[in-house]
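Novice: What follows is a predicted protein model with its sequence.
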Amino acid sequence: MDGAGPADGDASEAPLTWSQRYYLAEVDAARAHGRGLNVPRLYRLRPGTTEAGTVTALSELLVRYEVLRTRVVRDPAGTVRQRVHARGALHLAVHEAPAGTADDHARTVLDGLVTPPLDVTECWPLRAALVTEDGHPRYLALAFSHVAVDAYALVPVSAHLVERIAEADPVARAAAPAAGTVARGPREQAAAEASPPDGRRRAVPCATPRRRTAACRPP
């Protein structure tokens, strides 16, 4: 199993959203060629950020965005659904960079996270690593499965990390999301696509590993 996964306990299922179906097909096609379809993000951390603070920020992220606690399940009949878990653990790999090399080391760590395919039938759609220098956290590297997120869905994720521990969103944005835009969780989005209130089908954006191990556990 990968670095993030559910624990035994409460879980609920729902149909896949249109976006999840599209990207799952793309991920399956890429896996056949030994490639992943993962979205990389590298966050430079604010001075004074601690490992414990990083774990807390990631735990809050998992609690807030259920799409990051969601796996894909396939039954013998070929039906594919999403399963949202109430709790589990995200393992944070901590890599110590030699003095003066944190920037380059962080990019190497990110490449290692994003390259291998993420199997969202086995694990949550997220890998995480912390890069330290002289024992101080310098970068947080994250790899997300495209089944779970796209660039739009990562806007609030980055905003949360900037609020807690990161210096800035690593992706420059020409404009903020439109005021009043509501991000739905994957189950809510699937329900909206199945039975929109006005009787028409329509799409709404869905927002939704250390030699030691730190666990992020949603309550």
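Specialist: That came through fine. Numbers count the residues shown, from 1 in each chain.

Novice: Helix or strand: which one has T108?
Specialist: Assigned by DSSP states H and E, T108 belongs to helix 102-114.

Novice: Average pLDDT for that helix, rounded please.
Specialist: Regarding helix 102-114, the rounded mean pLDDT is 97.

Novice: May I ask you to confirm that V80 is in contact with V27?
Specialist: No - in this structure, V80 is not within contact of V27 by Cβ atoms under 8 Å, at 11.9 Å. For glycine as for every other residue, the C-beta is placed from the backbone atoms N, C-alpha and C.

Novice: So which of those two has more stuff around it?
Specialist: Using other Cβ atoms under 10 Å as the criterion, V80 and V27 rank with V27 on top: 23 against 15.

Novice: residues in contact with the more buried one?
Specialist: When contacts are counted by Cβ atoms under 8 Å, 6 or more residues apart in numbering, V27 touches 36-37, 117, 120, 145-147.

Novice: Any stretches of this structure with poor pLDDT?
Specialist: Low-confidence segments of the chain, defined by pLDDT under 70, span residues 1-9, 173-219.

Novice: The residue nearest to V147 when sequence neighbours are not counted: helix or strand, and which one exactly?
Specialist: Nearest residue to V147 in three dimensions, chain neighbours excluded: Y23, at 4.7 Å (Cβ to Cβ, 6 or more residues apart in numbering). In the assignment (DSSP H and E), Y23 maps to helix 18-31.
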